[in-house]
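Participant: this one's structure only:
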Ligand code: 13P
């Protein structure tokens, strides 16, 4: 059976200034010669337009890290999906655990943002994941399945989208689940996606995120139902990110 192309997404979080565009350029140049994976970089909003210009026509797409659910209005400090698309983004990460925790985003709010993203023509990456307490209580599968059910709006069924499984306790900690645990949750996420949206959603990629590094990327990406990776810290430097991209090829 033909292996589908893996999606490798870099989430720069609140990191990156003008000088960081050099890293994006180095990633673009290296990707041009490697092929094999679909690569997306999600810089802070201040860099989206410049990065999109820089990477235009190359093999690396640009995404946002969040958007507002409304297209415009009196929401000081917020950015709409339409604005991201206008700046050159084609993808947007939504419902990241840092947004859910630090900004109190609920599943319903995430679902509204996903609707806004698809209305603007963006491809949403919807994040789910359990905390350490939830895992230790044996609730990981139930928590993640509930998040999928609540965060994926009806309108998504005919659209291109991805789900990212990011165990909260694995983000930025250097800890990762075992490959068996990743396979178990990804299988459950697939069941939840299909239960929510129907058979048409069986091919939507499910990315793994949380301490993905050059050393563990190959094994994680070879795990059942892992359609790619959502990478934080190791996406900031081309020297760390490229081996992860190459591990997906
Ligand atoms: P790290 O790769 O730094 O653990 O971050 C993962 C993440 O949150 C990506 O969205």
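Facilitator: It's in. Owing to the predicted nature of the structure, the values given are computational and were not obtained by experimental measurement.

Participant: show me where pLDDT drops low in the chain?
Facilitator: Scanning the chain for pLDDT under 70 picks out 1-3, 35.

Participant: quick one: the helices in it?
Facilitator: Taking DSSP state H, the helices of the chain run over residues 21-34, 45-55, 81-87, 97-102, 107-119, 132-136, 140-151, 179-197, 217-221, 238-247.

Participant: For the fifth one, buried residues please.
Facilitator: Taking 16 or more other C-beta atoms under 10 Å as the neighbour-count basis, helix 107-119 is seen to contain the buried residues 107, 109-118. For the C-beta atoms, the positions are set from N, CA and C on the backbone; glycine is no exception.

Participant: Does it pack against any helices or strands, and if so which?
Facilitator: Judged by 3 or more C-beta pairs under 8 Å, 6 or more residues apart in numbering; DSSP states H and E, helix 107-119 is in contact with helix 81-87, strand 91-94, strand 123-128, helix 140-151.

Participant: Thought residue 191 was touching residue 145, still the case?
Facilitator: Yes. Counting by C-beta atoms under 8 Å, residue 145 does reach residue 191; the two are 7.4 Å apart.

Participant: quick one, which of those two is more surrounded?
Facilitator: residue 145 (19 against 13; other C-beta atoms under 10 Å).

Participant: so who does the residue nearest to that one when sequence neighbours are not counted touch?
Facilitator: Counting by C-beta to C-beta, 6 or more residues apart in numbering, residue 145 lies nearest to residue 192, which is 4.3 Å off, once chain neighbours are set aside. Listed by C-beta atoms under 8 Å, 6 or more residues apart in numbering, the contact partners of residue 192 are 144-145, 148-149.
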